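Q: Predicted model follows, preceded by the sequence.
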Amino acid sequence: MSDSALRIKLFKTMVLARTLDDRMAKLKAQGEVAGSAFLGRGQEAFSGAAGIRLRPGDVFAPLIRDQAGRLAFGESLLDVTRTVLGRRTGPMRGRDGNVHRGDWPAGRLPMISHLGAMVGTVVGTLLARRIAGRQQAGDLNVGVAAIGDGGMNTGALHEALNAAAVERLPLILLVADNQYAYSTSTDRTFACKHLVERAVGYGMAGHRCDGTDADACLDTVGEAIAAARAGKGPQMVVADLLRLAGHGTHDDASYVAEDVKSRFGDCLQLHERTLTQQGILDVAAIAAMRDEARTQVEAAVEQARAEPQPDPAAEEWMARSERDLVNLRAP
Amino acid sequence: MSDSALRIKLFKTMVLARTLDDRMAKLKAQGEVAGSAFLGRGQEAFSGAAGIRLRPGDVFAPLIRDQAGRLAFGESLLDVTRTVLGRRTGPMRGRDGNVHRGDWPAGRLPMISHLGAMVGTVVGTLLARRIAGRQQAGDLNVGVAAIGDGGMNTGALHEALNAAAVERLPLILLVADNQYAYSTSTDRTFACKHLVERAVGYGMAGHRCDGTDADACLDTVGEAIAAARAGKGPQMVVADLLRLAGHGTHDDASYVAEDVKSRFGDCLQLHERTLTQQGILDVAAIAAMRDEARTQVEAAVEQARAEPQPDPAAEEWMARSERDLVNLRAP
Amino acid sequence: MKYLEAIRLAQAELLAEDKRVFIYGQDIAGPFGGAFKATKGLSERFPERVLNSPISEDAMTAIAIGAAMDGLRPIVEFQFADFASVAFNQLVNHAGTIYYRTGLPCPIVARLPAGGTPGGGPFHCQMPEAWVSHHPGLVVVAPATVADAYFMLKDAVACRDPVVFIEHKYLYYHLEAEFDPRTAEHPGLGRAVVRRPGEDLTIVAWSGMVHHALAAAAELDANHGISAEVVDLRCVRPLDSETILASLSRTGRIIIASEGWPVGGPGAEVAALVAERGFTYLDAPPVRLAAQDTPIPFHPDLFAAHHPDDQAIVQAALDLAKF
Amino acid sequence: MKYLEAIRLAQAELLAEDKRVFIYGQDIAGPFGGAFKATKGLSERFPERVLNSPISEDAMTAIAIGAAMDGLRPIVEFQFADFASVAFNQLVNHAGTIYYRTGLPCPIVARLPAGGTPGGGPFHCQMPEAWVSHHPGLVVVAPATVADAYFMLKDAVACRDPVVFIEHKYLYYHLEAEFDPRTAEHPGLGRAVVRRPGEDLTIVAWSGMVHHALAAAAELDANHGISAEVVDLRCVRPLDSETILASLSRTGRIIIASEGWPVGGPGAEVAALVAERGFTYLDAPPVRLAAQDTPIPFHPDLFAAHHPDDQAIVQAALDLAKF
Ligand SMILES: Cc1ncc(C[n+]2csc(CCOP(=O)(O)OP(=O)(O)O)c2C)c(N)n1
Ligand SMILES: Cc1ncc(C[n+]2csc(CCOP(=O)(O)OP(=O)(O)O)c2C)c(N)n1
Ligand SMILES: [Mg+2]
Ligand SMILES: [Mg+2]
């Protein structure tokens, strides 16, 4: 069992992520967001646990349901609101949107949409660290890549996991099996009994946890990350959980079967109950956290709203870093 | 243990495949073959066993080391010599070469070079049969796809296996782990203990056999194919063996480590010894088989040599089946 | 009928009329019926022939190839055209080479929901025609009208070669037209058509851009006394060079408007074609209009400025008329 | 020095001079040193920085992208350019979009052994420039000379953008030239050069085709009194339009010779460019020569007839001179 401070930290992160997600959904409903908004509701425990277990110098490649992990690994609320509202001031400057945001210098990779594609990129950053001699044996910086049950079936993921295993790199694959890939239930997307059975075939350690149980997530993800840090090679952690929202805000998720719904609780409510029952947090403290989260989120929304949008007339339509290729020569 | 007739049939196939391969290598050395020639030396038992266990109506997607399987599944010597010598009369008409040949109406798919790419195609043919109601429950036509230890790490393969498992199709993946992918030994290409460990992750049955032992191959491949026919879903069979030749005729395979060499016998010699020791074949019968193989191969070489090459002036440079797209309308 | 409904209707009829037709793709089955609802209601009627696939674009395409070789007429729905990049090898190196190598047909149809919508961003807005139209063995079509969406999909399934069928997502719900599938005339799959006759210049476009071209032509006529002829390519590979050159021979001036990027693609091919084979008709240089040479931006204002619209075409026409 | 040796030397020096450089690809390590020996001897000297990869082109590219973002200068060797089709998504949608989306550079070099050799067949002979040169954010180069193979590889590694480096396999062992890497002058990465000056017409080529163009020019000069200028594109994206247009302005006639397929690709882009921006220089229509519009045949006789050679260029020049 992790210590109380960490468990509270995770709870706080989860509250903040949920509050932020809810606010983004509302902004979307109010017509302020272009494209769809993607929510991590129900997945905050697993994602947040990973973010909490990371440290500066690590790498994180989140996907569309990782608001909690992003926040825990240092994303500012302003990065979120600015990006989702398409502000010039955000890390993507209106050029790319919502969930694609990243902040590479801080270790958060900006995702592309193609599922599976980011895993190899994380592997590349870890290989680079080894090559450059920037890793300390026994206490490695690690890389976490997120994927869903659906994304597990992409060729890109397969190739990347295998390469990580061959190089014995400190990659942790965080598999959120949320029972559906968009509308498609897992019986139509894979045929093994549990996705953790894939680990052995890569020569990776496999871990499994209840993704609705925040403490289990903290522990299991913590163990996996610790093993990777210690040099035990890549780790796969599969969590069983359910997304408690549509695929995006445009989706009512009416395809989610009733019996599936009945099998999964809300990790946030469950963690709240555990912490209060164990006397680690009381109702007032929790209410205060919620208030603070709302205040912070609202401030970030307001600030982003007040900031400039990108100006097409001022846009530099240039996709290359090098401006003068005609004269480019190696120094 | 399979019955003697099958064991002899496999031996005969192996002799013929070896004789043919050797002759192709010689043709190459004589400058009569464009490109490289790829040989299946050392892999005849495993490949041949699969060909023998197939029946008309099945599908086979061989790769570059499957001369034995191709022959056993009905390929004529003339198809081989005509293709390798680029004759207009061959199934590829000089347009595509050597190992890419196929004869789809007979169930042998013409491979493309990209490793892993053919597996999904086999899956497609099997899905088509189910959709069209052309399968008989409990006695299905099956599809065999060949792959090597190296090809196991392609994304294409991963996606295709998973799809086969989801649809529970009668696919048999024949994995020839010959210790090297071109010059690269398996410690640089995968990290699980044995490739058969990948089966569970797809929800496929996994089988393993000694690829230098023809009887073991007949049995294990036979069981896997029987299971697929019976409707037990996709099967993976991994054989341990060594290619006893270069990657292609251009390659001296000097990178093959001595200790690896010492671990693997020649399946053809081993099968010969077993069959003679058990009194199933005698030396004279074997010599006669060898002679017959040589005679047949020589005849096929001679006939192909006498046949016309493609004529660039007469070539129809047309990559589409439809000649008049401007007027094409659904009937 | 909306553009999307035309695609759904064509598929429903294809499934009903031809047992060889089956549809494979992500999220296309069940009441859900696809990310854009192009297959809504179909899996209920044809449960064995409308199948959800895993997120595996390479395998989806390989499976379609195998099924086509085995006698079926598969339609693969990609969730977004942008994700067909993952199936690139199967499309160009496998489907596209089978006929020449073996003499056997490979009748697959790959449906690619393409084109820009505000907020779609770099990975949900691409026009994929340049990816595939370089390659022998493939047919690439891009219907711009409701009737074409319907008829060309049927013709694509009838075609024995692999067809990349590019659908424009913006048109799905925004384009509506009346036509009677039973009686309407329609041109063959590979034919370009003159959507609006004109005398002073030709505007070549395809897919969503046809509507900008038509709007521009209307404005040029109404406000500038310029009579623009609009040629809708319909089929971007192979090009119907006769229709293009015939139009140019009447007008002497040509603008090629593309939603996609400025380098390469059908825009370059049409410009090259008219330079090579329509040189003597040209009274002025051919003009290409294309998107900005960057990934497609997320922000609606940047997005709107990223690709040519009616006004850009009008302006180009005014400049060209002065040449 | 041979073309291949120049590539090997450049890589050896890059590894020695810059600890950020590492090379990743199939079979490149050990005494084997790559399918074409471009890395022979390098892994012995730099064991941590010359690594064999699994057969995983998508991951190879993704790994290079990650390593580049993390400060390295990765070179990815594809065994054959044809197999880069599997990495298409990582190249165009990932490497090619990073700078515009994030403002961060993505300095990877993808080395693609390309081009035809007799008996290579449909999947070992392709020219991949059309695949990638449509896409913003990528630089695509195709050296035709020994010195360019050396210098352009070094420049490619210095470039902060992803560079697709197209090597011609036929030139590997067949092209030899003396030059002193320490003193030789060389043009910048993105510059086209006039390989042979001329007055009557311009022949544009790149990669292996440059040598056919030079041979054709020599024959035109010697036997037909025609003075042809040969422009070697060197960089096919972005095009050095100034050098191309300047040549055309002197000659008034242009032939674009490509080993690749006839539809799209740099051939179409150059033809479109000269039509649009060199219209007034053109005394005759631009002429494109390209491969037959089919997969590349295996049989050496069919192969030889598949793509343009010296004689095809000479014939085209004679026809063009008559226009
Ligand atoms: C290669 C690829 N194909 C298709 C898509 C479209 N797509 C986006 S999310 C999604 C479902 C993902 O399911 P899963 O991996 O289970 O993640 P979840 O949304 O459930 O968190 C799909 C099909 C994509 N992004 N990438
Ligand atoms: C996608 C892809 N990448 C690279 C190659 C080049 N190539 C051809 S055979 C080969 C090695 C194959 O090794 P393995 O799968 O173990 O089969 P083996 O040759 O040992 O039978 C490689 C790398 C290819 N054919 N396809
Ligand atoms: Mg999911
Ligand atoms: Mg092998």
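A: Right, received. Where do you want to start? Residues are numbered from 1 along each chain as shown, chains lettered A, B, ... in the order given. Ligands and ions are numbered 1, 2, ... in the order given.

Q: Check whether C:Val141 really touches C:Val236, as I assumed.
A: Yes: between C:Val141 and C:Val236 a contact is recorded at 7.0 Å, counting by C-beta atoms under 8 Å. Using the backbone N, CA and C atoms, a C-beta is placed for each residue, glycine as well.

Q: For these two, list the residues in contact with both.
A: Shared contacts of C:Val141 and C:Val236 (C-beta atoms under 8 Å, 6 or more residues apart in numbering or on different chains): C:Ile166.

Q: Share the number of residues neighbouring the closest residue to C:Arg20 other than its chain neighbours, please.
A: Leaving out its chain neighbours, the residue that sits closest to C:Arg20 by C-beta to C-beta, 6 or more residues apart in numbering or on different chains is C:Arg73, at 4.4 Å. Neighbour count of C:Arg73, defined by other C-beta atoms under 10 Å in any protein chain shown: 21.

Q: likewise A:Leu115?
A: When neighbours are defined as other C-beta under 10 Å, A:Leu115 has 25 of them.

Q: any idea how far the residue in the stretch 101-250 of chain C that ligand 2 sits nearest to lies from C:Gln26?
A: Closest to ligand 2 within the stretch 101-250 of chain C is C:Arg101: 15.9 Å, counting by C-beta to the nearest ligand atom. According to C-beta to C-beta, to the nearest Å, C:Arg101 and C:Gln26 sit 30 Å apart.

Q: residue contacts, the residue nearest to C:Arg20?
A: Contacts of C:Arg73 (C-beta under 8 Å, 6+ apart): C:Leu14, C:Asp18, C:Arg20, C:Val21, C:Phe22, C:Pro107, C:Val109, C:Val157.

Q: can you check C:Pro295 too?
A: Neighbour list for C:Pro295: A:Arg95, A:Asp96, A:Ala319, C:Pro122, D:Gly96, D:Thr97, D:Tyr100, D:Arg101, D:Pro136, D:Gly137 [criterion: C-beta under 8 Å, 6+ apart].

Q: out of those residues, who's nearest ligand 4?
A: If you rank the contacts of C:Pro295 by distance to ligand 4 using C-beta to the ion, D:Gly96 comes first, at 32.9 Å.

Q: and the closest one, that one's in a helix?
A: Yes: according to DSSP: H, G, I helix; E, B strand; the rest coil, D:Gly96 belongs to a helix.

Q: Excluding residues flanking it in the chain, which one is nearest the residue of chain C found nearest ligand 2?
A: Going by C-beta to the nearest ligand atom, ligand 2 is nearest to C:Asn89 of chain C, at 7.9 Å. Excluding the flanking residues, the one nearest C:Asn89 by C-beta to C-beta, 6+ apart is D:Ser85, at 3.9 Å.

Q: before we move on, what about A:Asp139?
A: Nearest to A:Asp139 is A:Arg229, by C-beta to C-beta, 6+ apart, at 5.9 Å.

Q: pretty sure that neighbour contacts A:Leu140?
A: Yes: using C-beta under 8 Å, A:Arg229 is in contact with A:Leu140, at 5.1 Å.

Q: Find residues that contact each of those two.
A: Shared contacts of A:Arg229 and A:Leu140 (C-beta under 8 Å, 6+ apart): A:Pro170.

Q: follow-up on the earlier one: what does the helix or strand hosting the residue of the stretch 101-250 of chain C closest to ligand 2 contact?
A: Using DSSP states H and E, C:Arg101 maps to helix C:96-102. Helix C:96-102 is contacted from outside by B:91-92, B:95-96, B:100, B:102, B:104, B:110, B:112, B:318-321, C:65, C:69, C:104-106, C:132, C:135-138, C:161-162, D:122, D:294-295, using C-beta under 8 Å, 6+ apart.

Q: Centre of the chain to it, how far?
A: 23 Å (C-alpha atoms, centre = their mean, to the nearest Å).

Q: Now the buried members of the contacts of C:Arg73.
A: Taking 16 or more other C-beta atoms under 10 Å in any protein chain shown as the criterion, what is buried in those is C:Leu14, C:Arg20, C:Val21, C:Phe22, C:Pro107, C:Val109, C:Val157.

Q: I'd like those residues laid out as CSV, including distance to ligand 2, secondary structure and pLDDT.
A: Output for the buried ones among the contacts of C:Arg73, formatted as CSV (distance: C-beta to the nearest ligand atom, whole Å; DSSP: H, G, I helix; E, B strand; the rest coil; pLDDT from 0 to 100):
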residue, distance to ligand 2, secondary structure, pLDDT
C:Leu14, 34, helix, 98
C:Arg20, 31, coil, 98
C:Val21, 31, strand, 98
C:Phe22, 28, strand, 98
C:Pro107, 25, coil, 98
C:Val109, 25, strand, 99
C:Val157, 30, helix, 98
